[in-house]
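**Student:** Output the structure for:
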Amino acid sequence: MELKEYLVVSEEVADAVKKNRPVVALESTIITHGMPYPKNVETALNVERIVRENGAVPATIAIIKGKIVVGAVKEQIEYLGKEGTKIAKASRRDLPVLLAKGKDGASTVATTMIAAKLAGIKVFATGGIGGVHRGAELTMDISADLEELSNTGVCVVCAGCKSILDIGLTLEYLETKGVPVIGYRTKEMPAFFTVRSGFDIDYELESTDDIAAVMKVKQACNLEGGIVVANPIPEEYSMDYEYISGSIEKAVQEAKDEGVKGKNITPFLLERIEQLTEGKSLEANIHLVYHNAALGAAIAAGYCKA
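**Tutor:** Okay, here's the model as predicted:
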């Protein structure tokens, strides 16, 4: 068996990679598990539009009928949106089983990074990365996204890690794994829904060309692993720190009380926080993804130019 049996790259994406044109990878878990239909499809298509408007080719990634699809078409995105949580979240561990059995899967940050590297894509824009969960010293609940960042050479543009996580321990884990965390015009790690977290970032860069230069140097020195670019949510959509922190604490306690664990905990918490904030967190989520898509396109363009 060969990779070509399981990897399907759209003609547009393959052509752009071959001709050194900017491409931005996009995940599909946000479509299936991030929000309800039809808002999920509308958001996904808007993200692709924003990537194009900023000069890059979008490459939405998913596992469809046992194939890793890089550059899903509108009909496939619609299918993912309608099926929603019926579709499995696919991380690295799930990938060989889903492919072997001809199943569908929504790509997490980890799987999107894997597929992007296989297709030759250097930049991936998402909402927030996974990380070390609160209470991980007892549960050992640490997202596979962090391990993937230590191994797979893709630049991941995000609004920090999801604020439901232990941000301090997540940064410690990334440091241990040698993953550069770069603040785009910020010295503070953003916390997904809010620009504040209380945790500093070692490196702040002011331009996308500077980030592209770091990517080039890392590659030239054969330093394995990815880069995290932390891009704060636009100030006008940032939620009040105390307000969102209170909602998160309440949702985390409810998850603990109800025994929610493993890969079910993130969608549970995000849904509960949306309810507690009367939909404000969902709107913030959508706008931070749009913001990251635009920055991802600019970084991809800078990388190709460099």
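**Student:** Now residue 106, what are its backbone angles?
**Tutor:** Residue 106 has phi and psi values of phi -100, psi 130 when expressed as degrees, to the nearest 10.
**Student:** One more: residue 190?
**Tutor:** Dihedral pair for residue 190: phi -70, psi 160, per degrees, to the nearest 10.
**Student:** Which parts of the chain are helices?
**Tutor:** In chain order, the chain shows helices spanning 11-18, 29-32, 39-53, 74-83, 95-100, 109-119, 136-139, 144-151, 167-176, 208-220, 241-258, 265-276, 280-305, with DSSP state H as the criterion.
**Student:** The longest one: which residues count as buried?
**Tutor:** What that stands for is helix 280-305. By neighbour count on 16 or more other Cβ atoms under 10 Å, the buried set for helix 280-305 is 280-282, 284-304. All C-beta spots, glycine's among them, are computed from the backbone N, C-alpha and C.
**Student:** report the angle between the axes of that helix and helix 241-258?
**Tutor:** With axes from the mean of the first three to the mean of the last three Cα atoms, to 10 degrees as the criterion, the two stretches helix 280-305 and helix 241-258 enclose an angle of 110 degrees.
**Student:** I'd like to check the angle between helix 280-305 and helix 39-53, please.
**Tutor:** For the pair helix 280-305 and helix 39-53, the angle between their directions (the same axes, to 10 degrees) equals 30 degrees.
**Student:** Report all helices and strands that helix 280-305 contacts.
**Tutor:** Contacting helix 280-305 under the criterion 3 or more Cβ pairs under 8 Å, 6 or more residues apart in numbering; DSSP states H and E are the following elements: strand 23-26, helix 39-53, strand 123-125, strand 155-158, helix 208-220, helix 265-276.
**Student:** Give me the residues contacting the third one.
**Tutor:** By Cβ atoms under 8 Å, 6 or more residues apart in numbering, the list of residues contacting strand 123-125 from outside reads 22-27, 47, 51, 56, 109, 112-113, 116, 154-158, 289, 292-293, 295-297, 299-300, 303.
**Student:** show me the contacts for residue 228.
**Tutor:** When contacts are counted by Cβ under 8 Å, 6+ apart, residue 228 touches 129, 149, 156, 158, 174, 179, 180, 181, 182.
**Student:** Rebuild the residues you listed as JSON lines, extending it with neighbour count and pLDDT.
**Tutor:** Output for the contacts of residue 228, formatted as JSON lines (neighbours: other Cβ atoms under 10 Å; pLDDT from 0 to 100):
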{"residue": "129", "neighbour count": "29", "pLDDT": "96"}
{"residue": "149", "neighbour count": "29", "pLDDT": "98"}
{"residue": "156", "neighbour count": "28", "pLDDT": "98"}
{"residue": "158", "neighbour count": "25", "pLDDT": "98"}
{"residue": "174", "neighbour count": "22", "pLDDT": "98"}
{"residue": "179", "neighbour count": "19", "pLDDT": "98"}
{"residue": "180", "neighbour count": "21", "pLDDT": "98"}
{"residue": "181", "neighbour count": "21", "pLDDT": "98"}
{"residue": "182", "neighbour count": "21", "pLDDT": "98"}
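**Student:** Alright, I will stop here.
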